[in-house]
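# build me a model:
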Amino acid sequence: MRSLALIGLVASGASATEHNVPPSHDLVCNENGYVLTLREGRFAGRPLYLGNACDAFHAPSGDGNWCWGNGSVSVEFSGQAYSFSGMELACETRASAAPSGSGCGCHTDPLPSWRQ
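Numbering: from 1, shown residues only. Purely as a prediction, here's the structure:
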């Protein structure tokens, strides 16, 4: 069963956002933020680092940004945004276990390509 399915591209200014169903993943939290490893899809096999300062890093994609909102996690690399619908970031071992504790809400800290 494919756990990461592209359901469409939505134009957003100069970039587009890929919307995906929740992927099969592993999540680890540390003092710097979240380390998300997807098992399938574009980001599979290499950790996706989501930092406390809303910064992101993925080895093939480089530096980027991330935010959460409306039951999804969104990341952006080089002006291309990807949104994982239905994904919640929560770790039992992290003091701010819910995404709301991260301060990286898309409503307050939108991705660069979403800012007007």
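# beta-bridge partners for residue 55, please?
Here residue 55 sits in beta bridges with residue 65, going by DSSP bridges.
# helices along this protein, start to end?
Counting by DSSP state H, the chain has no helices at all.
# okay, and the helix or strand of it with the least pLDDT?
strand 6-12 (a mean of 26; mean pLDDT, DSSP states H and E).
# hang on, residue 109 packs against residue 103?
Yes. Residue 109 is within contact range of residue 103, at 7.0 Å (criterion: C-beta atoms under 8 Å). C-beta: built from backbone N, CA, C; applies to glycine.
# more neighbours, the two?
Taking other C-beta atoms under 10 Å, residue 109 and residue 103 do not tie; residue 109 has more neighbours (18 against 14).
# now the strands for the protein?
Counting by DSSP state E, the chain has strands at residues 6-12, 15-20, 25-30, 33-38, 48-51, 55-58, 62-69, 72-77, 80-85.
# what is the fifth one packed up against?
Judged by 3 or more C-beta pairs under 8 Å, 6 or more residues apart in numbering; DSSP states H and E, the packing partners of strand 48-51 are strand 33-38, strand 55-58, strand 72-77.
# pLDDT below threshold where in the chain?
Along the chain, segments meeting pLDDT under 70 span 1-23, 92-102, 116.
# before we move on, back to that, out of the strands of the chain, nearest to residue 114?
Residue 114 lies closest to strand 6-12 among the strands of the chain, at 6.2 Å (C-beta to C-beta).
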